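**Q** Sequence plus predicted model, see below.
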Amino acid sequence: MCDPRLKQIAFRAIEISPIDFGIPSTGGARTAEVQKGLFDLGKSKCDGYIRKSKHQIQNGYEWAKAIDFYAYVSGRANWNKHNLAVVASAFLQSACELGYIIEWGGLWITFKDYPHIQLIETEIT
């Protein structure tokens, strides 16, 4: 189960994004086995066991703290980084409006994870 704040952010983002988007079946909360599979495919730096992902429930939290998304362009899922950046900007605006802080994986330095958003536990005051 994903954090309810992420759901709030996603629902607002879909209202303001100029590009439609969706969440893939493995884009929310994940088991260790699913995470390991994505790690084995080179789609994650977290193996699900030794190095857990924010998609996994951990550290006493009740919910996963990350979601992945895809752009929906011309009737199909699309992972073009430019389209994902447009969608990510809607997520960032939405989080700001709602008073939450998120990270977008497209801004990471060493491993670009364009379809990834994760909640940061600090709220804007």
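**A** Nice, I can see it.

**Q** Now the longest helix anywhere in the chain: average pLDDT?
**A** For the chain, the helix that runs over the most residues, judged by DSSP state H, is helix 81-98. Average pLDDT, helix 81-98: 98.

**Q** for stretch 24-42, how far is the first residue from the last?
**A** With C-alpha to C-alpha, to the nearest Å applied, stretch 24-42 spans 17 Å between its terminal residues.

**Q** which regions of the chain sit below the pLDDT cut-off?
**A** Where the chain drops to pLDDT under 70, the residues are 59-61, 122-125.

**Q** Run through the bridge partners of the residue lying closest to Ala10 once chain neighbours are set aside.
**A** Nearest residue to Ala10, sequence neighbours excluded (C-beta to C-beta, 6 or more residues apart in numbering): Ile67, at 6.6 Å. To be clear about C-beta, it is placed using only N, CA and C from the backbone, and glycine gets the same treatment. Beta-bridge pairing for Ile67 (DSSP bridges): Ile117.

**Q** what's near enough to touch Ile67?
**A** If you count contacts by C-beta atoms under 8 Å, 6 or more residues apart in numbering, Ile67 has them with 2, 6, 10, 23, 27-28, 55, 116-118.

**Q** can you give me the strands for the chain?
**A** 21-22, 66-68, 70-73, 76-78, 100-104, 116-123 (DSSP state E).

**Q** Comparing the ones you listed, which comes out most buried?
**A** Per-stretch averages of neighbours, counted by mean count of other C-beta atoms under 10 Å, single out strand 66-68 among the strands of the chain, with a mean of 24.

**Q** how far is that one from where the chain is centred?
**A** Relative to its chain's centre, strand 66-68 lies at 2 Å (C-alpha atoms, centre = their mean, to the nearest Å).

**Q** Next: stretch 17-26.
**A** Its chain's C-alpha centre and that of stretch 17-26 lie 10 Å apart, by C-alpha atoms, centre = their mean.

**Q** one step back: among the contacts of Ile67, which lie within helices?
**A** Reading helices off these with DSSP H, I get 6, 10.
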